[in-house]
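# When you get a sec, could you give me coordinates for this:
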Amino acid sequence: MKRLYCWLLLFFLTAPVAAGPQLVVLDVGEGQSLLLQQDHRGILIDTGHPGKTRHVLDRLSALDLTHLDYLILTHLHPDHAGGYFRLREAWPQTPVLYSGHPLPADIAPDMTRWVNDALQQEPNRRILSAGDTLQWQGIRLKVLWPKQFVSPNLNEHSLVLLLSHGKTRVLIMGDANQKAEQALLQTNSLPKNIDVLVVGHHGAADASSKAFIDRIHPKLAVISVNKDNIRGYPSAKVLQRLKKAGAKVLRTDRAGEIRLDLETGQLSTDNH
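Sure thing, here's the model as predicted:
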């Protein structure tokens, strides 16, 4: 009995401590896909483009994800939502959350129109708008934007999400541009001094204004982008702005997949 007691004591002292919730910025090249994971459960925010869906599904499997509780689409551009159909095949019962942005029938490109049409028929869809909150596994997701729709411009009406876990705060901008940033600044909707910024529109020059960066003052800025991006993302001015604000910048085209433990702040990168 004494030996058994000693063995049990040794086991509990040496057993690995369960990891806290993770934010995984998947390396999907030209696009964006983020995974919030706690143990075997997760929320996927955006899917990447259609050519990367197999990679996304493989990574979810490799990360031992068995329950996808929500699929959130920040907006319907193909590099963020193009993997929708294959994700639905793999996870047909998962609720899909998006802004419900009303789009014209002839919206381009075709992939955006197809996903939009499919969402209109999706019984498990839910509409998100500014002020909505989602509680999940000790994480609070608050929708900061959009408040209303004034045009068919997808980037201008991209979902903006504030993730909070304990004292850690992560701002996920989707493809929100400077018009959205300005509106958030005018309504005093943005937090100050956040821990992590998932940079809007892949670091493009039409987002991440100086006033916006000065307000949120991120410690870490993560940019999801492919190598040798044909549009020149990320913008050199945006990179300079982030570094001047004191942010550590990580890019998926250089670091690969980026993982952050929201409880301990431990950061790791890996190429897959």
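
# The stretch 151-272 of the chain: helices as residue ranges?
All helices of the stretch 151-272 of the chain, identified by DSSP state H, counting those that start in this stretch, fall at 178-186, 210-216, 236-244, 252-255.

# For those, please prepare a markdown table with the additional fields mean pLDDT.
Shown next, in a markdown table, are these (pLDDT from 0 to 100):
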| stretch | mean pLDDT |
| --- | --- |
| helix 178-186 | 96 |
| helix 210-216 | 97 |
| helix 236-244 | 97 |
| helix 252-255 | 97 |
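
# Chain neighbours aside, what residue packs nearest to Gly100?
Closest residue in space to Gly100, ignoring its immediate chain neighbours: Ile127 at 3.9 Å, by C-beta to C-beta, 6 or more residues apart in numbering. The C-beta positions use only the backbone N, C-alpha and C, and glycine is treated the same way.

# is the one you found in a bridge, and if so with what?
Tyr98 (DSSP bridges).

# Correct me if wrong: it contacts Tyr98.
Yes: the pair Ile127 / Tyr98 is scored as a contact, 7.1 Å apart, by C-beta atoms under 8 Å.

# Looking only at neighbour counts, state which of these two leads.
More crowded of Ile127 and Tyr98, by other C-beta atoms under 10 Å: Tyr98, with 22 against 11.

# any idea how far His75 is from the more buried one?
From Tyr98 across to His75, the span is 8 Å (C-beta to C-beta, to the nearest Å).

# joint contacts of these two?
Leu159 (C-beta atoms under 8 Å, 6 or more residues apart in numbering).

# which residues sit in contact with Lys179?
Glu156.

# what's the distance between it and Leu57?
On the measure of C-beta to C-beta, Lys179 and Leu57 end up 34 Å apart.

# again, but for Gln121
From Gln121 to Leu57 the distance is 23 Å (C-beta to C-beta).

# who has more neighbours, the two?
Set Gln121 next to Leu57 and count neighbours by other C-beta under 10 Å: Leu57 wins out with 18 against 7.

# Could I get the contacting residues of the more buried one?
Neighbours of Leu57 in contact, by C-beta under 8 Å, 6+ apart: 86-87, 90.

# Return the set of buried residues in the helix or strand it falls within.
Here Leu57, judged by DSSP states H and E, is contained in helix 53-62. By neighbour count on 16 or more other C-beta atoms under 10 Å, the buried set for helix 53-62 is 53, 55-57, 59-60.
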